[in-house]
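Asks: curious how this folds, go ahead:
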Amino acid sequence: MKITIFAVVSNTMKFIMLKKIAILLFMLPLWHCQAQNLSDIELKDALKALDKNIKELSSQNTDNLTLIHIYSYQITAAQTTIEKYKTYKDNSQIREKWLQLKTLAEQNKPVIDFIEQNLSQRFYAKGLNALLNGRKQEAMELFAQSAKVKPDNVMANYQIAKLKLDSGKVKEAMTMLFSTLETGKANEDEANLCNTLLTFAYNKSMVRVLAMMKEGKFADAENILVQLQDACDKDKFGICNMSNLAANIEKCRNGIYDDHLKIAKRAMDMGKTDIAAAFINNTMDYMSRNREDIKNSSSFDNMAEAVIAAYIKDAKNMTAATQNEVRIDKLIKAKNLAEMIGGEIETEALKNIASINGTTSLTDNRLDSIEANTPAQGYSQTYSQYINDTISDSDKSVEQIEKDYIASSNNKLPKRSVAVEQTKAKSMSKEIDDKFYEVRSFITVNNYEKALEVLESANRLAKIDIEKKEVEKMYLAAIREITAKRMSAAEYAVFVGDIAKADSLVALTQELLVMYKMTDDKRIKEIMNAYLLSLDKKVCAKKQEEIDVFVSNIMDCIRRNDFYAANQNIERAIQIKGSSQCRLDKSKVRALKRQIDKPLEYVGLKEQVSEVLNESKDTMKFVFGYAGLEQYYIDNALAQMQVKHEPLRAIMHSWNDDKLVIKSIEYLMKYRKFEIALSLIGTLKDFGYKASDTKKIQSKLGEMMALENMKDADKIERHHRVSDFYQQDKWFKYFNKSYEKSYEKWKKENKISN
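Replies: So this is what the prediction gives:
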């Protein structure tokens, strides 16, 4: 019975096992078919991936060490591909390529792994080979790669330091060697090698420095010493002598200081004041940086004082209105130099400047006030909330924005345009897809209002979250593109001079951004920032052109002697102002203002004098006033500016009253208007008087003018003018004789040499 039961159980078990085997045999072909059952697209993708990996691995070149890390990544990527298509290898097409890739990966991996582990040594070996063959630059690059892979590769760092030392980079070489020794990674032999090179670098540099100092090349020597001092700050091995370095740096700096003063003195001796001033400025800067080493500066102060005095003297001798600009320039240079020196030198210089200019202020306070009170104007000023980057290249940013949003013949599908966003959309509704296409069409033809209207209808159609999100994305893309296009159009409007249109376009853009609450969008801010700065730059150029037109008009007014109109144009030009980003050059306007200051004052004085004659009918008062006006005209050389002036001599001749002329001469002599009195003696000549008829008055006037011109050094210009003009006219022989005799007499009495 037991045997029978066991036999039944055994038979049952066999039946179950056979059944399972039958099922497996039946399912195996099905699994095999499933494994082979790839669609054409999947098969194509698989073959493409395998081909790509095979191509990469078969082209690996282990000689190119810089690509080893990339090769390692390629092998990892190939292993992923091998694993991915392992189940499909029964496909005849896949099987061949799969085996090729597997073989390549198995062969290449050990080699790449070995090189990667020893990459620093491989770079070092190749560097040595390049060095032995004289390719120093290549060697430097290979040693640098070696040190980059393994920063504690002592020999790579040593070779780099040696090459740096050969090229004169003492500081870099020594710093590298000190750092290498400090890490403690060097063995005894390597440490000795680094120490030897450091000692050699220091000693060689010091020998070179001492030779330079002996030749008087203090600046070059100081440069090397400072490099050594900086490098030796890291010296913990007793290689540098810091006290010796400091002493030699002090000697060099004193030498440089003395050289500067010698050159400045030589320039002054040659009359090159500007060159002397430049060296004084450089010396002052040098002293301020090296005050500890340059302790005695009295010789510097003396030289600076001499340069300031030379500037002031030159300015003092420039009395003509046409020289006004140069005179002011010299006084400004003197003032700036004096302020830099300070102390008594500055006080004395400001006193001398005030005596010439009437004030120590060398700018035009009225123009400064007008300009300061003119508000800044510009797009970046009005829309300052978008300006967050004022130093980057706005033109480059605009160029990139246009590539992103604005279609052209070379850029038919900008990568951030609505057209591109539509292709990315994942909408589940055909109606919404159609709306997106419509939006794209309207934006293409610049009908932005209609495009946004269509987007609104798309928003109403959206029923589920995914559709609503896609509509929001399209809104974002549309408003960004509209912003870029409108701002681009505004930029073009400024370019062609239609500022009103540009203003309108920018305002419309701002309204759109406020309406859709997009003013804080990061990309919008980038677009607005770039375009506003670009617009400001172009508007600034237009404003500069406007100023240049004013300059031309001002010069025309000066040619016509209409100095009031010139002054009005100057004040209008000075009021032209851009935004805080705009730097306008108004130097020509200010120069012209300084040029017309004297003529403008002359015109005002002339009007006052004319009123005296018209209102009071006081002839002598008019003569006195006109004499002062004429003296002002002569002293300021206004004839050189072609300022129209009728001489008093001609006016009195036209009155045809010789007795009035004689009375006027006496009156002017009484009030020390000698030069004009002398010109009125010429009126008597015009009336037909002989020279002998005026002998007494000529002699008296000659004596008085000689004393006047001798007493005041400022009258030296008048002395030369009188001598040059009247010595040629024999009718004034009594004046010339008396003037020369008296002038020599006063000069001798006052012990003044020629």
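
Asks: list the contacts for residue 187?
Replies: residue 154 (C-beta atoms under 8 Å, 6 or more residues apart in numbering). (C-beta placed from N, C-alpha, C; glycine too.)

Asks: from residue 569, how far out is it?
Replies: 82 Å (C-beta to C-beta, to the nearest Å).

Asks: how about residue 680?
Replies: Taking C-beta to C-beta, one finds residue 680 at 38 Å from residue 569.

Asks: so if I had to pick from the two, which one is more boxed in?
Replies: Higher neighbour count among residue 680 and residue 569: residue 680, with 27 against 23, using other C-beta atoms under 10 Å.

Asks: can I assume that one is in contact with residue 648?
Replies: Yes - look at residue 680 against residue 648 with C-beta atoms under 8 Å: they come within range, at 6.6 Å.

Asks: what helix or strand is the nearest residue to residue 78 once chain neighbours are set aside on?
Replies: Excluding its sequence neighbours, the residue lying closest to residue 78 (C-beta to C-beta, 6 or more residues apart in numbering) is residue 53, at 4.2 Å. Element membership for residue 53 (DSSP states H and E) is helix 40-58.

Asks: average pLDDT for that helix, rounded please.
Replies: Averaging pLDDT along helix 40-58 gives 86.

Asks: what does it contact?
Replies: For helix 40-58, the surrounding residues in contact (C-beta under 8 Å, 6+ apart) are 38, 74-75, 77-78, 81, 84-85, 88, 91, 93-94, 97-98, 100-101, 104-105, 108.

Asks: switch to 6 Å and redo it
Replies: Helix 40-58 has contacts (C-beta atoms under 6 Å, 6 or more residues apart in numbering) with 74, 78, 81, 85, 94, 97, 100, 101, 104, 108.

Asks: pLDDT averaged over the helix or strand that that helix is followed by - what is it?
Replies: Using DSSP H and E, the helix or strand that follows helix 40-58 towards the C-terminus is helix 68-84. Averaged across helix 68-84, pLDDT comes to 87.

Asks: and the following helix or strand past helix 68-84, what does it pack against?
Replies: Scanning forward in sequence from helix 68-84 by DSSP H and E, the next helix or strand is helix 92-117. Other elements packing on helix 92-117 under the criterion 3 or more C-beta pairs under 6 Å, 6 or more residues apart in numbering; DSSP states H and E are helix 40-58, helix 68-84.

Asks: so which bits of helix 92-117 are buried?
Replies: 94, 97, 98, 100, 101, 102, 104, 105, 108, 109, 112, 115 (16 or more other C-beta atoms under 10 Å).

Asks: ok, stretch 193-211 next?
Replies: Counting neighbours by 16+ other C-beta under 10 Å, stretch 193-211 gives 193, 194, 195, 197, 198, 201, 202, 205, 206, 209 as buried.

Asks: do stretch 244-259 as well
Replies: 245, 248-259.

Asks: let's see which of those residues end up in helices.
Replies: Mapping the buried residues of stretch 244-259 onto helices (DSSP state H) picks out 245, 248-259.

Asks: what's downstream of the biggest helix by length in the chain, the next helix or strand?
Replies: Taking DSSP H as the criterion, the chain has its longest helix at helix 522-559. For helix 522-559, the following helix or strand on the C-terminal side (DSSP H and E) is helix 563-574.

Asks: on that earlier part again, now render the buried residues of helix 92-117 as JSON lines, adding pLDDT and distance to residue 298.
Replies: Output for these, formatted as JSON lines (pLDDT from 0 to 100; distance: C-beta to C-beta, whole Å):
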{"residue": "94", "pLDDT": "84", "distance to residue 298": "93"}
{"residue": "97", "pLDDT": "83", "distance to residue 298": "89"}
{"residue": "98", "pLDDT": "87", "distance to residue 298": "90"}
{"residue": "100", "pLDDT": "85", "distance to residue 298": "88"}
{"residue": "101", "pLDDT": "87", "distance to residue 298": "85"}
{"residue": "102", "pLDDT": "86", "distance to residue 298": "87"}
{"residue": "104", "pLDDT": "88", "distance to residue 298": "82"}
{"residue": "105", "pLDDT": "87", "distance to residue 298": "82"}
{"residue": "108", "pLDDT": "87", "distance to residue 298": "78"}
{"residue": "109", "pLDDT": "87", "distance to residue 298": "78"}
{"residue": "112", "pLDDT": "84", "distance to residue 298": "73"}
{"residue": "115", "pLDDT": "83", "distance to residue 298": "69"}
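
Asks: residue 63: which of the residues you listed is nearest?
Replies: Nearest to residue 63 out of these is residue 115 (C-beta to C-beta; 10.1 Å).

Asks: got a list of what residue 105 touches?
Replies: So residue 105 contacts 75, 78, 79 (C-beta under 6 Å, 6+ apart).
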